[in-house]
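> What follows is a predicted structure for the sequence shown.
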Amino acid sequence: MDLEKARFNMVEQQIRPWDVLDETVLNLLLRVKREEYVPETYRAMAFMDIEIPLGQGEAMLSPKVEARLLQELKLKPTDKVLEVGTGSGYMTALLASLAKHVHSVEIVPEFSQAAAQKLAAHDFNNVTLDVGDGVFGWAKYAPYDVIVVTGSLPLLSDEFIAQLNLGGRLIAFVGVPPVMEARRIRVIEPGVTDTEDLFETNVRMLVNAPQPQQFVF
């Protein structure tokens, strides 16, 4: 398998047509080796337009969704980032390549341990990994300039917004299957936010995600 050709095709045939045109993001996707964060069993699928299973009911986001998130976050070299859901560590690596520091929380200890090894092997020293439940954010290191939630939430807790700096932004997948919105929220001034729905998708729900109240008639 020609890895570099497959990587190039992923960018040109999947990602660029999905309105990802930021050259910084596209160049980063060519540079960070996605296949090295994919479970060995699925390495041949590293560049396919699918969610790759990680085990325990979890999966990597598809490459085009990862790329679109990166573009819409508009990361700056001074940004302090919270990632909820470390998963394979690949998105963590992408975020860390563009931001000052990434705090990433993962509820599955084995995922966090494996990601730590991969990130260390690629000399990412601006990442802090924690094991825990980030379904209401991760107040330990707040406030953040950027929060990205890599699993979906039927309801988005206000605690996420409270953990953002002024001017900070959050992207989360909000809604229930089969269709949910990738939603970006910016803190404009204290107590004032701007919300924009970016695109529709369907990704796996965060463990312990709060559920809407069910009405019984």
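Nice, thanks for sending it over.

> Which strands or helices does the biggest helix by length in the chain pack on?
If you go by DSSP state H, the chain has its longest helix at helix 109-121. In terms of contacts (3 or more CB pairs under 8 Å, 6 or more residues apart in numbering; DSSP states H and E), helix 109-121 is packed against helix 90-98, strand 101-106, strand 127-131. (C-beta placed from N, C-alpha, C; glycine too.)

> Out of those, which gets nearest to A121?
The minimum distance between A121 and the helices and strands packed on helix 109-121 falls on helix 90-98, with 10.5 Å, by CB to CB.

> and the closest one, what other elements does it pack with?
helix 23-31, helix 63-73, strand 80-84, strand 101-106, helix 109-121, strand 127-131, strand 144-153.

> Report how many residues lie close to E181.
For E181, the count of nearby residues is 17 (other CB atoms under 10 Å).

> Distance of it relative to D194?
Going from E181 to D194 by CB to CB, to the nearest Å gives 15 Å.

> And V174, by the same measure?
V174 is 15 Å from D194, by CB to CB.

> Of these two, which one has the most company?
V174 (18 against 10).

> Thought A172 was touching V135, still the case?
No. Contact between V135 and A172 fails when scored by CB atoms under 8 Å: they sit 10.8 Å apart.

> anything in contact with each of these two?
By the contact definition CB atoms under 8 Å, 6 or more residues apart in numbering, V135 and A172 are jointly contacted by L153.

> Can you get me the centre-to-centre distance for the longest helix of the chain and its chain?
Distance of helix 109-121 from the chain centroid (CA atoms, centre = their mean, to the nearest Å) equals 16 Å.
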